[in-house]
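**Student:** Give me a model of this one.
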Amino acid sequence: MLTLTETATTAVKAIISGNPEASGGGLRIGQGPEDNPGFAVSVVAEPVPGDATVESDGAKVFLEPATSVVLDDKMLDAQVGENGAVTFALVPQA
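**Tutor:** This next block holds a predicted model:
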């Protein structure tokens with residue numbers, strides 16, 4: 001199952017707290033559009049039925065079923081820039 005680094009946990013909580021419409025929600029990771037392969041990340045108030053939920057110290061990440069399989073052995077990391085912009089990265093679990 002996907003895990004989160006401490007930095008990613010902090011970043012997810014900050015993103016959610018900055019979006020009152022998603023209070024108590026999390027980030028949802030799913031497949032990107034067909035013309036742009038990769039992952040799509042969105043802020044949501046709740047998971048879609050069938051989503052897997054990963055929780056770390058109050059930070060919630062919801063994974064689309066197919067995405068859950070692909071990210072099963074990965075760790076979500078984050079970098080926060082000087083301007084507050086967050087960049088997420090997926091790395092192999094140690």
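**Student:** quick one: the strands in this protein?
**Tutor:** 3-4, 26-31, 39-44, 52-56, 59-63, 74-80, 86-92 (DSSP state E).
**Student:** what would these look like in JSON lines with mean neighbour count and mean pLDDT?
**Tutor:** Heads up, the C-betas are built off the backbone N, CA and C, glycines and all. Listed next are the strands of the chain as JSON lines, based on neighbours: other C-beta atoms under 10 Å; pLDDT from 0 to 100:
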{"stretch": "strand 3-4", "mean neighbour count": "20", "mean pLDDT": "96"}
{"stretch": "strand 26-31", "mean neighbour count": "21", "mean pLDDT": "94"}
{"stretch": "strand 39-44", "mean neighbour count": "15", "mean pLDDT": "93"}
{"stretch": "strand 52-56", "mean neighbour count": "17", "mean pLDDT": "97"}
{"stretch": "strand 59-63", "mean neighbour count": "23", "mean pLDDT": "97"}
{"stretch": "strand 74-80", "mean neighbour count": "17", "mean pLDDT": "94"}
{"stretch": "strand 86-92", "mean neighbour count": "13", "mean pLDDT": "92"}
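**Student:** I'd like those laid out as CSV, including distance to Pro20.
**Tutor:** Output for these, formatted as CSV (distance: least, C-beta to C-beta, whole Å):
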stretch, distance to Pro20
strand 3-4, 22
strand 26-31, 14
strand 39-44, 11
strand 52-56, 20
strand 59-63, 16
strand 74-80, 21
strand 86-92, 18
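**Student:** so which of the ones you listed gets nearest Lys13?
**Tutor:** In terms of C-beta to C-beta, the element of the strands of the chain nearest to Lys13 is strand 59-63, at 4.8 Å.
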